[in-house]
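# build the 3D model from these lines:
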Amino acid sequence: MFLLNYENKKIDIDFNFKLEDIAVATINIITGDEILNITTKDGEFYSFDSCDYREVDFFDGSYTIIADGKWVVDPIRWANRGTSYDYYEQSLDM
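Model prediction:
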């Protein structure tokens, strides 16, 4: 799995979770960088950031990708996004 940074560069993350163990997974877009936040069903919280440094934190939006162990977005469409905003803008149209 990967996240996109503000330059639309793919940043690989170590996503070693079982889908059925995830209570909720959301994508926050901060100044063009994607941040994946995961809360597991046993209450553990994990966060993955596509950027290790940003000068300004501007909240651009947020959307859920997994809820109660199931994808709530089309995982293939999500995996094929080209920018941090692609799927967010599509989710606003739903």
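
# apart from its chain neighbours, what residue comes closest to Met1?
Distances taken as CB to CB, 6 or more residues apart in numbering place Phe15 nearest to Met1, at 3.9 Å, with adjacent residues excluded. C-betas here are computed from N, CA, C, even on glycine.

# if you could redo that for Phe58, that was the one I meant.
If the residues on either side of it in the chain are set aside, Phe58 comes closest to Thr31, at 4.7 Å by CB to CB, 6+ apart.

# pretty sure the one you found sits against Ser50.
No: with contacts defined as CB atoms under 8 Å, Thr31 does not count as touching Ser50, sitting 10.7 Å away.

# neighbour-wise, which of these two wins?
Taking neighbours as other CB atoms under 10 Å, Thr31 and Ser50 compare with Ser50 leading, 25 against 15.

# how about that one, what does it touch?
For Ser50, the contacting residues are 3-5, 11, 33-35, 84, taking CB atoms under 8 Å, 6 or more residues apart in numbering as the criterion.
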